[in-house]
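Asker: I would like to see how this sequence folds:
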Amino acid sequence: MSIINGEVFPWDHFKRGQLLLAAGNKPPHALEALLNGPYREKVDEKDYSGRTALSWAAEAGRADNVKIILKYGADLDQQDNNGRSPLSWAAEGGDLRTTELLIARGANVNLKDSSGLTPLTYTHKARHSNTRAMKRLLQDHGASRLKQIWLNDLKLIWSNIIGTSKKIRRHLDGFLIG
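Answerer: Model prediction:
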C-alpha cells in the first residue's frame, strides 16, 4: 500500500492513515503539507484505538508537530477509546516542551481516563528521567495530588490480599474440620 494515497499500512495494527503516521514520525513541514491539503478537515481523524494525530505527536514528544496540529483546530482534550487525552500521552512520554505547550493551550490537567487515571498518574507510572520536573509542571498548573494511587494496582493488591486470606481460611478450615 502507498502512504502517498493516505492508505493504511498493513503492518500498522492501529490502522493509522497518512496523517496519524506523520504526526508522530515526520518533520513539521511534511505534516503541514498534509494539513494544508487533503487532511485539512481530518485533523481529529481517529485510528482503530480512537487516537488522533495530536495524541500520537504528543506521545512522541514532537512539540513542533503538536503546534501545527493545534493550529488547524485539533480538539485539545479529545479522548481515545480508553479515555486517554493527548496530555496524558505527553506526560507519559516525558517531553516537557510538548507537555508545557498542551497546558499553555488549555489542556485539562485533571482529565481522567476510563480507569480514573490522570496525566499526573501516567507521569508516575512512566518513571522517565525527568519525572520530578514533569510532576512539578503538572502540579504547578493545578494537577490534583490526591489521585496519585493507581486504581488498577490498588484493586489488584486488594484482590490478592483477599484471595490469599480466603485460601488460608479454606486451608485452615479443612485442617481444623478434617
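Asker: now tell me what touches stretch 129-137 from outside.
Answerer: Residues outside stretch 129-137 that contact it (C-beta atoms under 8 Å, 6 or more residues apart in numbering) are 91, 94, 96, 99-100, 103, 120, 123-124, 128, 143. Glycine gets a C-beta too; all of them are placed from N, C-alpha and C.
Asker: ok, 10 Å please
Answerer: Stretch 129-137 is contacted by residues 90-96, 99-100, 103, 109, 119-120, 122-126, 128, 143, 145, 148 when judged by C-beta atoms under 10 Å, 6 or more residues apart in numbering.
Asker: can you select the buried ones among those for me in ChimeraX?
Answerer: Filtering the contacts of stretch 129-137 down to the buried ones (16 or more other C-beta atoms under 10 Å) takes a single ChimeraX command:
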select :90,91,92,93,94,95,96,99,103,109,119,120,122,123,124,143
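Asker: go through the contacts of stretch 129-137 and flag which are in strands.
Answerer: With strands taken from DSSP state E, there is no overlap with the contacts of stretch 129-137.
Asker: domain assignment for this structure?
Answerer: 18-147, 149-178 (automatic domain parsing).
Asker: can you lay out those as CSV showing mean pLDDT?
Answerer: Shown next, in CSV, are these (pLDDT from 0 to 100):
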stretch, mean pLDDT
domain 18-147, 92
domain 149-178, 53
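Asker: please, where are all the helices along the protein?
Answerer: Using DSSP state H, the helices of the chain run over 18-25, 28-36, 53-60, 63-71, 86-93, 96-104, 119-126, 131-140, 151-177.
Asker: who are the packing partners of the first one?
Answerer: Secondary-structure packing of helix 18-25 (3 or more C-beta pairs under 10 Å, 6 or more residues apart in numbering; DSSP states H and E): helix 28-36, helix 53-60, helix 63-71.
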